[in-house]
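Peer 1: fold the following, please.
(one chain, ligands or ions: 3)
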Amino acid sequence: MTSTPLKIAIAGLGTVGGGTVELLTEQADLLAGRAGRRLEIVAASALERPAGLALDGVQFFTDARVLAREAEYDVLVELIGGASGVALDVVRAALERGKSVVTANKAMIAHHGVELARLAEQTGANIGFEASVGGGIPIIKSLREGLAGNRVTKVMGILNGTCNFILSTMQDTGRDFADVLAEAQALGYAEADPTFDIDGIDTAHKLAILASLAFAMPVSIDAVTCEGIRHVSALDIRYAQELGYRIKLLGVATISDINGEMAVECRVYPAMVPLSFPLAHVGGPFNAIVTEGDFVGRTVLEGRGAGARPTASAVVADLMDLATGRVGPTFGVPVDRLEPRPTAPRGTGRSAWYIRLMVRDEPGVFADIAAALRDEKVSMEQIIQRGRAPNQTVPVVMTVHETDEAAMLRAVARINGLSSVAEPPRLIRIESL
Ligand SMILES: NC(=O)c1ccc[n+]([C@@H]2O[C@H](COP(=O)([O-])OP(=O)(O)OC[C@H]3O[C@@H](n4cnc5c(N)ncnc54)[C@H](O)[C@@H]3O)[C@@H](O)[C@H]2O)c1
Ligand SMILES: N[C@@H](CCO)C(=O)O
Ligand code: NA
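Peer 2: Ligands and ions are numbered 1, 2, ... in the order given. As a prediction, the model looks like this:
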């Protein structure tokens, strides 16, 4: 065992920061045994000093920027959050001093990852961000190291614990959206501003990071199209269950040859997944990620995607790599070898769809809907309408066979224009692998 500890400064002592302090304290001997040196917290910062954390002898700062600039540490752990502002300032300050950084901040990596990776290369520092995607699931390490022998063609996952908790709890209990979101916040799963979770932005940040690692391209949030779960109603969740599906918020990144160029498509959207699908049974705050590589085929990783202890597990994994010198370029290859990729044009993909209409129950409605689908060559699979309620608004649910997205959108626009259709149709993709 070397007598030189890894000196750690932690900026941010909330859910993840608190969990990280607990892990480093409770498992101190185990970690030292594995790393051959102790991992020692020497400085910490938060807006207020939290009670109940074992921080005796740790230098405490209320200004994280001062901590980053002045404290004596080997690695700065950034657990404040936010794409820019204080978080970005402290990370830049540490890297400029040649100090390594570990962060759980997917927003910052998605927006500033390339700049920070370049800065780290210039000053000889390293950046670990395992906690930024999939919580405790070692997906960053998997893509960067475990799958390094493959051309990865697809990464698809449930990447937001809050949304998965909301969707699966609504399905299992019939409770309403706002109530379940409040519980996710109380459990420490949600972002400081939970609209990042429910509008799919957090998933988009994570998907941008995964796409960068999978396809060796510069991380870019601009390449990701994003739809959240705000419009997924309890009614759709019930119909999904009846039809043998689960609704999941997915992030999907693919690379394929389009007109001789390897183009990337990154999309976040709620999807219906069949029960046979590897992601269908992933419930609560769990995440799961499916990857496809040319030699390995499919791999699936599943685990807790949010919360203090699982996320601390990922933070400490990065600290252990730094303690033992298992380090490399931030995105697997030096920044100059990351290759920008064109974005696949929208509307070229094919899939099956679920459509829910609210229609006035009057003669001729079905003929008009069927005509719109027929004209766009969309082939109906099944239709559900229960009971009769003449001249009242009733739900009509259809599923259609695999079809071009552009044709589906045209058919839905035409259906939306029918006088008997009372609300904009709800369209949810039915996913297949
Ligand atoms: N909560 C999770 O399950 C989870 C999981 C993975 C990643 N993350 C990410 O980890 C980071 C932290 O999340 P959290 O849930 O622990 O947040 P949190 O709100 O619980 O804690 C934030 C901490 O930062 C401190 N802080 C806030 N503003 C500050 C400022 N201006 N200057 C200095 N300190 C400031 C607060 O005092 C607090 O100690 C975020 O980037 C988040 O996206 C969270
Ligand atoms: N708010 C995030 C935290 C984990 O990144 C989630 O719910 O998944
Ligand atoms: Na992870």
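Peer 1: contacts for stretch 359-377 next, please.
Peer 2: 357, 379-380, 388-394, 396, 398, 400, 403, 407-408, 410-411, 414-415, 418, 420-422 (CB atoms under 8 Å, 6 or more residues apart in numbering). Where C-beta positions appear, they are placed from N, C-alpha and C, glycine not excepted.
Peer 1: 7 Å instead?
Peer 2: 380, 388-394, 396, 400, 407, 410-411, 414-415, 418, 420-422 (CB atoms under 7 Å, 6 or more residues apart in numbering).
Peer 1: which residue is the nearest non-sequential neighbour of Leu76?
Peer 2: Ala94 (3.8 Å; CB to CB, 6 or more residues apart in numbering).
Peer 1: anything in whichever strand or helix holds that neighbour near ligand 1?
Peer 2: Using DSSP states H and E, Ala94 falls within helix 85-96. Yes. Remark: helix 85-96 sits within contact range of ligand 1 at Val86, by CB under 6 Å from any ligand atom.
Peer 1: contacts for that helix next, please.
Peer 2: Contacts for helix 85-96 (CB under 7 Å, 6+ apart): 11, 64-65, 68-69, 76, 78, 80-81, 101, 103, 105, 108, 112, 116, 119-120, 123, 125.
Peer 1: following element in sequence after it, please.
Peer 2: Following helix 85-96 toward the C-terminus (DSSP H and E): strand 100-103.
Peer 1: anything in that following strand sitting right up against ligand 2?
Peer 2: No. For strand 100-103, no contact with ligand 2 is found by CB under 6 Å from any ligand atom; the gap never falls below 11.7 Å.
Peer 1: and that strand, which strands flank it?
Peer 2: strand 75-78 (parallel), strand 127-128 (parallel) (DSSP bridges).
Peer 1: state the mean pLDDT of the helix or strand just after the last one.
Peer 2: Meaning strand 127-128. Sequence order places helix 139-141 as the next helix or strand after strand 127-128, per DSSP H and E. Average pLDDT, helix 139-141: 98.
Peer 1: how about the following helix or strand past helix 139-141, does it reach ligand 3?
Peer 2: Tracing the chain past helix 139-141, the next element assigned as helix or strand by DSSP H and E is strand 152-158. No. Strand 152-158 lies out of reach of ligand 3 by CB under 5 Å from the ion, never closer than 10.9 Å.
Peer 1: again, but for stretch 207-215
Peer 2: No. Residues of stretch 207-215 contacting ligand 3 under CB under 5 Å from the ion: none, with a closest distance of 10.0 Å.
Peer 1: tell me the residue of the stretch 1-150 of the chain that sits nearest ligand 3?
Peer 2: Gly134 (4.0 Å; CB to the ion).
Peer 1: do the same with the stretch 201-350 of the chain
Peer 2: Ala314 (4.4 Å).
Peer 1: now the host helix or strand of that residue: mean pLDDT?
Peer 2: Element membership for Ala314, per DSSP H and E: helix 308-324. Taken as a whole, helix 308-324 carries a mean pLDDT of 98.
Peer 1: again with stretch 199-212
Peer 2: Here the average pLDDT along stretch 199-212 is 98.
Peer 1: re earlier: and the pLDDT at the residue nearest to Leu76?
Peer 2: Reported pLDDT for Ala94: 98.
Peer 1: same check, this time on the one 3 residues further on
Peer 2: Note for Arg97: predicted pLDDT of 98.
Peer 1: report the separation between it and Leu119.
Peer 2: 11 Å (CB to CB, to the nearest Å).
Peer 1: comparing those two, which residue is more hemmed in?
Peer 2: Leu119 (20 against 14; other CB atoms under 10 Å).
Peer 1: helix or strand: which one has the more buried one?
Peer 2: Per DSSP H and E: helix 106-123 holds Leu119.
Peer 1: what helices and strands are in contact with that helix?
Peer 2: Using 3 or more CB pairs under 7 Å, 6 or more residues apart in numbering; DSSP states H and E, the elements in contact with helix 106-123 are helix 85-96, strand 127-128, helix 201-215.
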